[in-house]
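Asker: how does the following fold in three dimensions:
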Amino acid sequence: MSDFSVKPTLTGDRVVLRPPTEQDADVVAGILEDPEVLAFTGTPAGTPPPSLDFLRTWYGTRAAQNDRLDLALVDRASGEMVGELVLNEWDEHNRSCNFRTLIGPRGRDRGLGTEAIRLLLAHGFGRLGLNRISLSVYAFNPRAIRVYEKVGFVREGVEREALLHEGRWIDALTMSVLAREWAVHRGRPGTNAFPRTLPGTTPSPVS
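Answerer: Okay, the predicted model is just below:
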């Protein structure tokens, strides 16, 4: 089991995942102003955005973190940073992490997120030795849910009425993918690989 001190650059056909730098702060600041990003991250209306100074400090210190992995998502065609992917909340003993992603308007609807998530999951299971990678996604974000299921995340449960959004209560879905599942489908589950919802009654073997 490795820690997160090594910050890789992961290259796919259409995307590159690379360690972020403080120069990325301006791009992220713009992404954080996008209404869709604000809604799907559950940011309350009227919440002031983080300052550029804060963002520069934040992204300038990601390389020093040995308990999480933050990677900038770059569109290879343009060389432009369009978002980020993160593995955090590392549970070393149980070999698990939380996953989250942030993709701005210029990175959507072209398959960049799908490829990027597959790259990060391959690194998490293959290089970091994780057994479980999980996430939470609001139920009114069907596009993200489709992408997560496409790369192998399985719905586990529902946090009922987890978010109050514009006067409506929104559920949050808990999803995960396990190392033994990844070993079978490598982020491309077929109809006969794993069902979308697993009973979860058989624990994974420890190896």
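Asker: how far off centre is the lengthiest helix in the chain?
Answerer: Longest helix of the chain, by residue count under DSSP state H: helix 112-126. With CA atoms, centre = their mean, to the nearest Å as the basis, helix 112-126 stands 9 Å off its chain's centre.
Asker: quick check: next helix or strand after that helix?
Answerer: Note on helix 112-126: by DSSP states H and E, the next helix or strand toward the C-terminus is strand 132-138.
Asker: neighbouring contacts of that next one?
Answerer: Applying CB atoms under 8 Å, 6 or more residues apart in numbering, the contact partners of strand 132-138 are 40, 42, 87, 94-100, 121, 124-125, 144-145, 148, 153, 156, 159, 162-163, 165, 170-179, 204. For the C-beta atoms, the positions are set from N, CA and C on the backbone; glycine is no exception.
Asker: just the buried subset of the residues you listed, please.
Answerer: Taking 16 or more other CB atoms under 10 Å as the criterion, what is buried in those is 40, 87, 95-99, 121, 124-125, 144-145, 148, 153, 163, 170, 172-173, 175-179.
Asker: the residues you listed in strands, which ones?
Answerer: Among these, DSSP state E puts 87, 96-99, 163, 170, 172-173, 175-178 in strands.
Asker: from these, pick the one nearest Pro8.
Answerer: Distance to Pro8 across these (CB to CB) is lowest for Leu87, with 11.4 Å.
Asker: what bridges to that closest one?
Answerer: When assigned by DSSP bridges, Leu87 has beta-bridge partners Leu69, Phe99.
Asker: got the contact list for it?
Answerer: The contact partners of Leu87, by CB under 8 Å, 6+ apart, come to 4, 68-69, 97-99, 120, 124, 128, 130, 133.
Asker: would you turn those into JSON lines with pLDDT?
Answerer: Converted to JSON lines, those look like this (pLDDT from 0 to 100):
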{"residue": "Phe4", "pLDDT": "90"}
{"residue": "Arg68", "pLDDT": "97"}
{"residue": "Leu69", "pLDDT": "98"}
{"residue": "Cys97", "pLDDT": "98"}
{"residue": "Asn98", "pLDDT": "98"}
{"residue": "Phe99", "pLDDT": "98"}
{"residue": "Leu120", "pLDDT": "98"}
{"residue": "Gly124", "pLDDT": "97"}
{"residue": "Leu128", "pLDDT": "96"}
{"residue": "Leu130", "pLDDT": "97"}
{"residue": "Ile133", "pLDDT": "98"}
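Asker: which one among those gets closest to Arg76?
Answerer: Arg76 lies nearest to Leu120 out of those, by CB to CB, at 15.8 Å.
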